[in-house]
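Participant: A predicted structure for the sequence below; I have some questions about it.
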Amino acid sequence: MTAVARSPLRLPSSLVLGAALLGLIAAAAIVGIWLTPYDPAAFAVRDRLQPPSALHPFGTDEFGRDVLSRVLAGAHLSLAAGFGAMAISLAVGVPLGLLAAFHRGVTEELIMRAVDLLISLPPVLLGLLVLAVTPPSLGKTIAAVGLVYVPILVRLTRAVALGLLQEDFVQAARARGEGAVPILWHEILPNAWPPIIVECGLRVTFAILLGSALSFLGLGPQPPASEWGLMIAEGRDFLRQAPWICLAPGLSLCVLLVTVNLVGEGLRERLDPQLSGRAHA
Amino acid sequence: MPDAAMSDVVVDGNVLRVEALSVAYPSRDGWLHAVDGVSLSIAPGTVLGLVGESGSGKSTVVLALLGLLGSSARLRAERLEFDGHDLLREAAALRGRRIGVVFQDSAATLNPALTVGTQVVEPMRVHLGTKRALAWQRGIELLAEMGIPRPAEIMRSYPHQLSGGMKQRVGIAAALASEPDLLLLDEPTTALDVTIEAQILSLLDRLRTMRLEGGRRLAMLLVSHNLGIVDRLCDSVSVLYAGRLVESGTTANVLQRPLHPYSKGLLAALPRVDRQHAGRLAPIPGRLPDLWAPDPGCNFRPRCAFASAGCEQPQRVTGDHHKVRCHRADTIVDIPWPIERATAAAQPRSAVPLVEAADLSIRFDSGGWLQRLLGESAGILAVDRVSLTIHSGEVLGLVGESGCGKSTLGRLLLRLLPALDGTLSFAAEPVRAKPDARFRRQAQVVFQNSDTSLNPRQTVGEILGRAIRWFAIANVEAEVMVEVGRLLDLVRLPRSYARRYPHQLSGGEKQRVGIARALAPRPRFVVCDEAVSALDVSVQAAVLNLLRDLRDQLGVAYLFISHDIGVIAHIADRIAVMYRGTIVEEGLADDVLRPPYHPYTELLLSSVPLIGRQRDTDPPPAARPPAAGGCKFADRCRFRLGPLCDSVPPPLQAAGPGHRIRCHIPLPQLAGQPHWLDRGETT
Amino acid sequence: MRLAAFLLRRLLGLVGVLLGMSVLIFGIIHILPGNVAYAILGEFATPAAVAQLEAKLGLNDPLPMQYWRWLSALLQGDFGTSIVMSRPAASLIAEALGRSAVLAALAFGLVAMGGIGLGLYGATHRGRLADKLLTLLQFVLIAVPEFFWAILAVLIFAAWLNLLPATGYAPLSDGVLAWGSHLLLPVLVLASGLVAHVARLTRSSTIEVLDSRYVLTARARGLGERRVLWRHALPNALLPAITVLAIDAGLLIGGIVVVETVFAYPGLGRLLVYAIERHDLPLLQVGMMVVTAIYAVANFIAELLYAVLNPRIRVAGAAA
C-alpha cells in the first residue's frame, strides 16, 4: 500500500540514551581504575570510615579503602555477571530450542520436559543449589545465573522457530528440496534473532540483579573482591556510622540496572513492531 | 437550508443522512485522509451497499457513524444525521439502541468469556430495561428467528462452542436485540464459506422485509468488497475509491450500467462463474493513491484507462439519481473497460499425464505423541484415497470449502507431507517419499498469503537468487542477476524491484514475486494454493491473467486450489470438487458446471451470489450426525435417498468422457436437476 | 468431563515434576565436585573423621541406593536431622515455614491487589500523566535490587527516623504492634519489585483486550464505558494476570531468601542460607525440596484457576 517505507528508520530514544550510558559505564569499568589515585585493595587504617570528601568522593570503608576506587574496580564484575550469564544461556538455550523445533517427537519431548523441570525451581534457589556445595566464585555465579535463563530461552527459541517453520517461505524452501541446515541458516535464523535478542535485552537486567543478589548472600566472588552486592553485604554492619559504604555500590548498581533496562526496552521498541503477528512465546 | 433540517427528514424521509463526511487519522507522516467528502442517505426499510476495495475507507465510515473513531481521529461533516439526531453529538446515545452493528469475523467480535445468552440479552437489559427472565425468553426467540437450532441450549453456551456461521447469526441477533432502526453490516460474511454465506444472506434478506414495532422498517447499510453480495441485498449502491465516493445510484443502474471508470473496471475484473471462459479479465493497473496528500483532481486518474487532459481539475459529483464523480462520464457512457490482449498463443496440451496420483491418503493425529503411543487418538483422514491426473499444460481447478483438505492434497502432490497411503508418479516415473532434486525442480508451489510467503529479511533479488543458485540455474553472480531480471520480466515487475524488500511491495506485487520464485527452476507443474484469494478484485484479475499467460507461454501445468468457484471456473480446464477429504466430482470445466452434477457441486454453485440474479437459498436440511462409512455429504444433502446414503460408500459414476460423480443417486436423476443458473430465480 | 481429564493430567505432571526435582536436588548436591563429608567437616578434617561421617551418612553406598533411602524416608514423613543443630529437620522447617508463610502471604496479597489495581489504572488512563508517572515508577522499582531497597529502608526508617525496628522478628504473642512493626518493612520491600512486574503485565494485557474487536463491538452496542470495562474486558484481561502471579510466586520465594537475610527474619529462606553457610546438607536438601514443592503446588493451583476461569478450557465441545 501507500504506507510503504515513508518514514526513515528511527532509533528509539531509550536505546540511544541507554547505549550511550552503557558505553560510559563500560568505559569507566575499564579505564576508571587508573584514574583514581588509590589502590582499591589497599588498607589505610588511619583513614577508615571517612565520610565523602574531596579526597575520597564516596568516602572510605572500615579498612580505609577508597570506596570510589572499589566501586570502579567492581563494575566489570556486575557487567560480566549479567552479560556472561546471558551469553551462556544463549549458547545453551538457542541450540536446544532449535533442536526441539526441528526434531519433533522424542528429542523434543526430552528437552521440553527437562526445561519444565528446571523452570519449576524458583530462580534464586537454582542458584543457591548450584553454589551450595562447591566454594563460590565469579565463574560459578555466572554459570548458575546462566542456567536459570536457559529454559526460558529454550522455550522462546522453540516457539519462534516452530512459528517460522509454519510460514510459507519455509514451505517454499522445502518445496525446493532444501534440508534442515540451509533452511535454518537462510530462513529461520535471520527471522528468529530479533525476538531472541529482545528477550535477552530484557533479561540482562534480571541476570545482573540475580548475580548481585547471590553475591550479597555470599555466594559470588569472595572478599577482597569489590563486587557491588558483596560490598553492600559487607557495609551493612556500618550502616549507621558510614552509610556511604552501602549507598555508593547500591546506587551504582541501580544506575547500571536502569541503563541496561533502557537498552532492553529500546531494543524491544526497535525490533518488535516488525515482528508483530509473528510467533511469540 | 440548514435551519430546515428537521423538516427535511420528514420531506425526504431518510433515516440516515451523511453529507461531506471527511475523516483523517494522525500518523507520523501527517494526516492520513481515510474518508474525503462522502455523502450518503438511506431511506427507512431500504438497504444501501457501500462498495470498495481495501483502503477505500468503507469501514471508517461505519466507525464514524457510530462515533467510535477514537479521540485522535479528525472528523468533519456538513451533516451527519440519524432520524433528525446529530450523530456528531449523540452517536454514543444512539449506537446499540437505535443503530445496530455487525462486524466482520464474528469469532473476534463475540466475547469469549461470556455466554451467548448474556451477550444477546445485554442490549435489551441496558437499552430497553427489559426484565431478566423476559429478556432471556426474547433472546431465545431471536436466536430461533436467526435460524439457530436448539436456541435455548445455544443461549447457555460459549462462543467457542459454535461454528463460524452460528457465531455470525448470534452477532446479528445481538445487534437486533434492542430493535434498532438501522443496521450497519461491515463485511458480515467475509470469513465464511460460500454455502454458509448464502444462508446468512438469505437471513439478512428476510430481515429487510421485517417490520419493527410501530410499523417502522429496518434500514441497512451493507459494507462489502463483494459485488455479488451487494447485488443480492441492496436497493442502492455507493462505490468508494480511496476515501472518495465515485458513483452511487440504484443497484441495477450501478452494476448493470456503471458510469465511473473504476466501477467499470471493478466489474470487468471480476471472475464470474456464470461467464466461464469469457476470455481474459480486465485488471486495473497501478495501486492506491497517496492518502497523505490527496489529489485535488481525480484520484483515480493514474490508473484510469480513460484519463485525459483535464482530469487533474478539481471535480464534483454530478447527476441526480445516478451520481458519478468523473470529468469524462458523459463521453465514456457506453464504452467498457478495455481488456488487454493475450501475449502468447496457447501451447497444445499433451495427452500424456504429467502428474498421476492414486489413492493418496493422509491422517492427521489429534493429541500428542503420548496419546498416539497409547492409541487414544484415532485422528482424521484429511485426504481419503484421492486419485487424480494432471496433463502437461493443463489447469486442474480444485475447489472446496475451508477444511475440506484441498491444501493438504496440494502438499501431498508435492511430497511436502508424508502420505499415509497411495502412489504418486510424475512424468511416468514414480515419486519416492523423499523425492530427488529432479522432481523438486519440476514441481513448484505458489502460496496464498503473500505476507508470509516471502522471507521478510531478504530482498526480492536474494529470494529469487536463492532459488536460482539452489537449482544451479546459474552460479556466477552476474548470471544470477541476469536470471533474476528474466524472472521479473516474466511476472511483469520492473527489474529495479530486485533491490526491494517484501514490505516495500503491494500485495499483488508480492504475489508476483512468489510466482517468479516458483518459476525459477523452470518447472513443469505448479501448485497454486489459493494464490489469488487474499487479493483485491482488481489486483486478482491481473495475477490470474499473468498465470494464464504463463501457462500459455511456458506450457506449465497447474493444480489451482481455491475456495472461489468463480476463479476456478475462469481459469481451469478441468475441475475437481472436494468435500471432507474426498473428490466428489471431477470433469471438464463445462461438464462440472452444468447438470448432471453432484449435489454438493450444485450447492456450491447455487450459493455464489451473482450479479443480476436474485435467488433464495434452500434452507439446509435438518441436521443429522455425519454418517460413518456412507456418503460424507449425506448429512447436508437435499437429495438424500435414505439409509443407503448413510451407510454405503457411494459409487463413482461415469457421467461422460472424463466426467465422474461420486454419488448414489442415479445419473438420469442427477441430470434432471435444473441448471443452477435458472433455479429459484425470483425476478 | 474435560475438566476432570485436564485435572488428572496436570496432577500427574505435578507428581512428575516433584520426582524430577528430588532427583535434581539430590543429584546436584551429591554429584557436583566437592566431597560432601569435607564440605560438612571443613577442609582441615582428619581422614578418620571423614570416614566416620561417610559411614554415618551412608555416603559409601551407590548413589541410587542413597537416593532411594532418602526419598522413601521423605515420603514416610522422615525429614532427617540437621547435622549442625542436631534437631529434626522437620520441626526446624515447620517453625521457619510458618513465619515465612506470614511474610509471603502478606507480600503476595499486596502484589496481587496493588499490581492488578495499578495495571488496570494505567490501562484505562493510557497516555495520561498519571500513567506515565506510574510507568516511570515501575521502571525504577524493577531496576532496584530488593537487598538495596532493604538497606535503604533500614537506613531511613530504623537508623535515621527510628520509627521501626531494623531487624528481627516478634511473635504475635508480643502484641500486634510489635509483630506488625517487624513485618512492615520486609513485606514492603518484598512486594516492591513484584508489584511493578504485575502492574506492567496487567497493563499490557488489559490494553490488548481493550483494543480487541469484541470490546469494540460492546461499545458499538452502546454499553457504557464502565460496563465495557468490568463486564467485557476484565474477565479476559485478568486471565493472563493469573499466570503472571504464578511466575511471581517463584520470584517471591527468591526475594524471601534475600529479604529474610537482610532483616534477620527467622524464616525458611534464612534457614536455607544458614544451611548452605554451615554445609548442613541434610537440612538443605529437605528445605529445598519443601520450597520447590510449595512452588510447584502454587503453579498447579494457578493452572487450575486459569482452567476454571477460562470457558474455553472449562466448557468443552461443539454445541452447533
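Facilitator: Received it, and whenever you're ready, just let me know what you need.
Participant: which residues in the stretch 151-300 of chain B form helices?
Facilitator: B:151-155, B:164-176, B:194-208, B:227-233, B:251-256, B:261-269 (DSSP state H, counting those that start in this stretch).
Participant: worst mean pLDDT across the helices and strands of chain A, which element?
Facilitator: helix A:123-133 (a mean of 78; mean pLDDT, DSSP states H and E).
Participant: check whether it comes into contact with chain C.
Facilitator: Yes. Judged by C-beta under 8 Å from any C-beta of the partner chain, helix A:123-133 comes into contact with chain C at A:123-125, A:128-133. Placement of C-beta: from N, CA and C, glycine included.
Participant: name the residues that touch that helix?
Facilitator: A:118, A:121, A:140-141, A:143-145, A:147-148, A:206, A:210, A:213-214, A:217, A:219, C:25, C:28-29, C:32, C:34, C:36, C:39, C:250-251, C:253-255, C:257-258, C:272-273, C:275-276, C:281, C:284, C:288, C:291-292 (C-beta atoms under 8 Å, 6 or more residues apart in numbering or on different chains).
Participant: up against chain C, what does chain B have?
Facilitator: B:66, B:68, B:92-97, B:100-101, B:103, B:105, B:108-115, B:122-123, B:126-127, B:148-150, B:153-154, B:157-158, B:160-163, B:166, B:171, B:174-175, B:178.
Participant: of those residues, buried ones?
Facilitator: B:66, B:68, B:92, B:94-97, B:100-101, B:103, B:105, B:108-115, B:122-123, B:126-127, B:148, B:154, B:157-158, B:160-162, B:166, B:171, B:174-175, B:178 (16 or more other C-beta atoms under 10 Å in any protein chain shown).
Participant: before we move on, the earlier item: relative to B:Trp676, which of the residues of helix A:123-133 next to chain C is nearest.
Facilitator: A:Pro123 (65.8 Å; C-beta to C-beta).
Participant: measure the closest one to A:Ile111 for me?
Facilitator: 20 Å (C-beta to C-beta, to the nearest Å).
Participant: more neighbours, those two?
Facilitator: In terms of neighbours (other C-beta atoms under 10 Å in any protein chain shown), A:Pro123 is the more surrounded of A:Pro123 and A:Ile111; the figures are 23 against 20.
Participant: number of residues surrounding the closest residue to chain A within the stretch 201-320 of chain C?
Facilitator: Across the stretch 201-320 of chain C, no residue is closer to chain A than C:Gly254, which sits at 3.1 Å (C-beta to the nearest C-beta). When neighbours are counted by other C-beta under 10 Å, C:Gly254 registers 24.
Participant: residues making contact with stretch C:286-296?
Facilitator: Residues beyond stretch C:286-296 that count as contacts (C-beta under 8 Å, 6+ apart) turn out to be A:120-122, A:125, A:128-129, C:14, C:17-18, C:21-22, C:25, C:74, C:79-80, C:89-90, C:93, C:97, C:249-250, C:253, C:268, C:271-272, C:275.
Participant: pairing partners for the helix or strand hosting B:Val577, with directions?
Facilitator: Secondary structure from DSSP states H and E places B:Val577 in strand B:574-579. Each strand paired with strand B:574-579, and its direction, by DSSP bridges: strand B:395-399 (parallel), strand B:582-588 (antiparallel).
Participant: please pick the buried ones from the contacts of helix A:123-133.
Facilitator: Buried, going by 16+ other C-beta under 10 Å: A:118, A:121, A:140-141, A:143-145, A:147-148, A:206, A:210, A:213-214, A:217, A:219, C:25, C:28-29, C:32, C:36, C:39, C:250-251, C:253-255, C:257-258, C:272-273, C:275-276, C:281, C:284, C:288, C:291-292, out of the contacts of helix A:123-133.
Participant: quick one: contacts for A:Cys77?
Facilitator: For the record, residue A:77 is Leu, not Cys. A:Leu77 neighbours (C-beta under 8 Å, 6+ apart): A:138, A:215, A:221, A:225-228.
Participant: just give me the closest of the residues you listed to chain B.
Facilitator: Lowest distance from chain B to those (C-beta to the nearest C-beta) belongs to A:Leu138, with 37.4 Å.
Participant: who's in contact with the nearest residue to that closest one once chain neighbours are set aside?
Facilitator: Excluding the flanking residues, the one nearest A:Leu138 by C-beta to C-beta, 6 or more residues apart in numbering or on different chains is A:Pro221, at 4.5 Å. By C-beta under 8 Å, 6+ apart, A:Pro221 lies in contact with A:77, A:136-138, A:141, A:215, A:227, A:230.
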